[in-house]
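**Q** got a structure for you, letters missing:
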C-alpha cells in the first residue's frame, strides 16, 4: 500500500463547479497534513494545512479524519486559476514530507 | 517568492557523469530537504539535512549524496547518472519549530540525462 494515495484524476470541471479531492495515508503516526498546489513545471506551493477540526480558507475547505486516515479538500465556485495539480502531503515526526501522486484539475470556461 | 533558490534551473548530462545541484535556503531556516519528482509523479523524499548533518533518508542509492553548509545552504550530488535520474529536483527549507512548520520549495532544477 502506498504511503499516501490520492484520486487518480484528472478532473475536468466547468467554472463555478464544486470539486472534491480525497486522500488516504497509511502511517497512523503521521503528525501534520497539508494540501499543496503545483502549477505546470513549477514548484509545489502550500495551499493549506489540514487540522482535525477542519479548516476553511475562502473557497477552500480541508478536512482530516485521523481514525479513517483520510484527508479531503473541497473547492467551491471553481475559477480558471484553480487549474493545477493538487498534492496531498503528510509529515511524520522526522519532518519528512510524503507526497501523493497528485490530482490534476482543469477548470474550463 | 519563497526565498529558496536553486541552481542551475536546467541541466543536461550524459549517462555516467556526475552532477551537483545547489540550494540556498530561506533566511532563518536550518533544515533542508531534497526531493526528486519524475514526470507525472509526486515528489519523492531523497534526504534531509539539519544543522549540517543528514537527518533522514528516503529509498535512494548511495550515489545520491549531499551536504549542508554552516549557512544552511545545501548541495545534492548524484554520481554515475542513469537515464532514470531525469527529473525535477526540488529543495525545500524549513525551520524546526513544531509539527506545523511550513516547508518552502525552490523552483527546482530540471535534470535531463541522455
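**A** Done, it's in. From a predicted model like this one, the values you see are computed outputs, not experimental measurements.
**Q** OK, contacts around the residue nearest the centre of chain B?
**A** For chain B, the residue sitting closest to the mean C-alpha position, by C-alpha atoms, centre = their mean, is residue B:34 at 2.9 Å. The neighbourhood of residue B:34, defined by C-beta atoms under 8 Å, 6 or more residues apart in numbering or on different chains, consists of B:23, B:45-48, B:66, B:74, B:76, B:89-92. Using the backbone N, CA and C atoms, a C-beta is placed for each residue, glycine as well.
**Q** do residue B:113 as well
**A** B:12-15, B:81-86.
**Q** From those, keep the buried residues only.
**A** B:13, B:81, B:85-86 (16 or more other C-beta atoms under 10 Å in any protein chain shown).
**Q** Closest residue of chain A to chain B?
**A** residue A:99 (3.5 Å; C-beta to the nearest C-beta).
**Q** wait, isn't that residue in contact with residue A:88?
**A** Yes: using C-beta atoms under 8 Å, residue A:99 is in contact with residue A:88, at 7.3 Å.
**Q** got any residues that touch both of the two?
**A** Common neighbours of residue A:99 and residue A:88 (C-beta under 8 Å, 6+ apart) are residue A:4.
**Q** hang on, the earlier thing: how about the residue of chain A closest to chain B: what's its closest non-neighbour residue?
**A** Closest residue to residue A:99 apart from its sequence neighbours, by C-beta to C-beta, 6 or more residues apart in numbering or on different chains: residue B:42 at 3.5 Å.
**Q** did I read that right, that neighbour in a helix?
**A** No: under DSSP: H, G, I helix; E, B strand; the rest coil, residue B:42 falls outside any helix and is assigned coil.
**Q** interface residues of chain A facing chain B?
**A** For chain A, the residues in contact with chain B (C-beta under 8 Å from any C-beta of the partner chain) are A:4, A:31-32, A:41-46, A:49, A:87, A:91, A:93-102.
**Q** Number of residues surrounding residue A:67?
**A** 7 (other C-beta atoms under 10 Å in any protein chain shown).
**Q** Helix, strand, or coil at it?
**A** coil.
**Q** Top of the contacts of residue B:34 by number of neighbours, please.
**A** Ranking these using other C-beta under 10 Å puts residue B:91 first, with 30 neighbours.
**Q** Residues in a beta bridge with the closest residue to residue B:55 other than its chain neighbours, which ones?
**A** Spatial nearest neighbour of residue B:55, excluding adjacent residues (C-beta to C-beta, 6+ apart): residue B:48 at 5.1 Å. On the basis of DSSP bridges, residue B:48 is bridged to residue B:33.
**Q** Helix or strand: which one has the residue nearest to the residue nearest to the centre of chain B when sequence neighbours are not counted?
**A** Using C-beta to C-beta, 6+ apart and skipping the chain neighbours, the partner closest in space to residue B:34 is residue B:46 (4.3 Å). Assigned by DSSP states H and E, residue B:46 falls within strand B:44-50.
**Q** helices or strands up against the helix or strand just after that strand?
**A** Following strand B:44-50 in sequence order, the next helix or strand is strand B:53-57 (DSSP H and E). Here strand B:53-57 touches strand B:44-50, going by 3 or more C-beta pairs under 8 Å, 6 or more residues apart in numbering or on different chains; DSSP states H and E.
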